[in-house]
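Chemist: no FASTA, just this:
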């Protein structure tokens, strides 16, 4: 039997079809909620120029379901819509992403898109980011050095047993209270060896679709 959380993810994945533009390119993220969206997209029959995927896992699912996947280099202008999930999102639509390990490609696609539609179940909404450990993609030779720097910034780094699609490592940073996520994102991204961090504040979501027991809520950021 499907869990309540999975039911909510399925609902919100279906609701995201409203934002898919027929005959255009579509950015597709990564994660459990996105998997439900990809299923719904395949069943919808919506015709696209192609899907630009943020991970090898999403690419495999898209291809298995008969959807065309293309490389970002083939797209000569901004992608109209990018649909992806999150691990946490605050009232300003700043997010923590990267639980699935695809944060760098997700950040590239978010930046390359005109509209970022975030899909999530209600548990992802938070008053302040930081309960979910912050993922940081790091070049392998710099892992120890970056971890020590993050400790001086108040975090407790844990090396994830995982290699990204880019061949890098991920440090999950516990114990942070991100009252200024944009500032922290900028500071972490300046550390040599960091590819990018999982704070999406400089380029947050434009729309949030939240799956609840009473249906799907459509929300806009507070500012």
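Modeler: Now that the structure is in, tell me what you want to look at. Just so it is clear, the structure is predicted and the values come from calculations on it, not from any experiment.

Chemist: show me the helices in this protein, by range?
Modeler: In the chain, the helices defined using DSSP state H lie at 4-15, 32-44, 56-64, 103-111, 143-152, 181-189.

Chemist: any idea which of those helices is most buried?
Modeler: Of all these, helix 103-111 has the most neighbours on average by mean count of other CB atoms under 10 Å, namely a mean of 23. For glycine as for every other residue, the C-beta is placed from the backbone atoms N, C-alpha and C.

Chemist: and residue 223, what's its pLDDT?
Modeler: As predicted, residue 223 sits at a pLDDT of 54.

Chemist: please renumber the chain so that the first residue is 42 from this point on.
Modeler: Sounds good: first residue 42 from here, last item residue 264.

Chemist: go through the helices of the chain and find the least confident stretch.
Modeler: Of all those, helix 45-56 carries the lowest average pLDDT, namely a mean of 93.

Chemist: now the helices of the chain in a markdown table, with distance to residue 116?
Modeler: As requested, the helices of the chain are exported to a markdown table (distance: least, CB to CB, whole Å):
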| stretch | distance to residue 116 |
| --- | --- |
| helix 45-56 | 23 |
| helix 73-85 | 18 |
| helix 97-105 | 15 |
| helix 144-152 | 10 |
| helix 184-193 | 32 |
| helix 222-230 | 24 |
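
Chemist: do you know which of those lies nearest residue 64?
Modeler: Closest approach to residue 64 among the helices of the chain (CB to CB): helix 73-85, 13.5 Å.

Chemist: got the contact list for the residue nearest to residue 149 when sequence neighbours are not counted?
Modeler: Counting by CB to CB, 6 or more residues apart in numbering, residue 149 lies nearest to residue 113, which is 7.0 Å off, once chain neighbours are set aside. Neighbouring residues of residue 113 by CB atoms under 8 Å, 6 or more residues apart in numbering: 93, 149-150, 153.

Chemist: switch the cut-off to 10 Å
Modeler: Shown in contact with residue 113 (CB atoms under 10 Å, 6 or more residues apart in numbering): 66, 68, 93-95, 120, 146, 149-150, 153.

Chemist: which of the residues you listed are buried, as a ChimeraX select command?
Modeler: This is the ChimeraX syntax for the buried subset of the contacts of residue 113, where burial follows 16 or more other CB atoms under 10 Å:
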select :66,68,93,94,95,120,146,150,153
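
Chemist: and of the contacts of residue 113, the nearest to residue 102?
Modeler: Using CB to CB, residue 94 comes nearest to residue 102 of the contacts of residue 113, at 8.8 Å.

Chemist: grab the nearest non-local neighbour of that closest one.
Modeler: residue 100 (4.3 Å).

Chemist: equivalent analysis for residue 188, please.
Modeler: In space, residue 188 is closest to residue 198, 4.0 Å off (CB to CB, 6+ apart).

Chemist: and the residue nearest to residue 50 when sequence neighbours are not counted, how far is that from residue 202?
Modeler: Excluding the flanking residues, the one nearest residue 50 by CB to CB, 6+ apart is residue 74, at 4.4 Å. Separation of residue 74 from residue 202 (CB to CB, to the nearest Å) stands at 23 Å.
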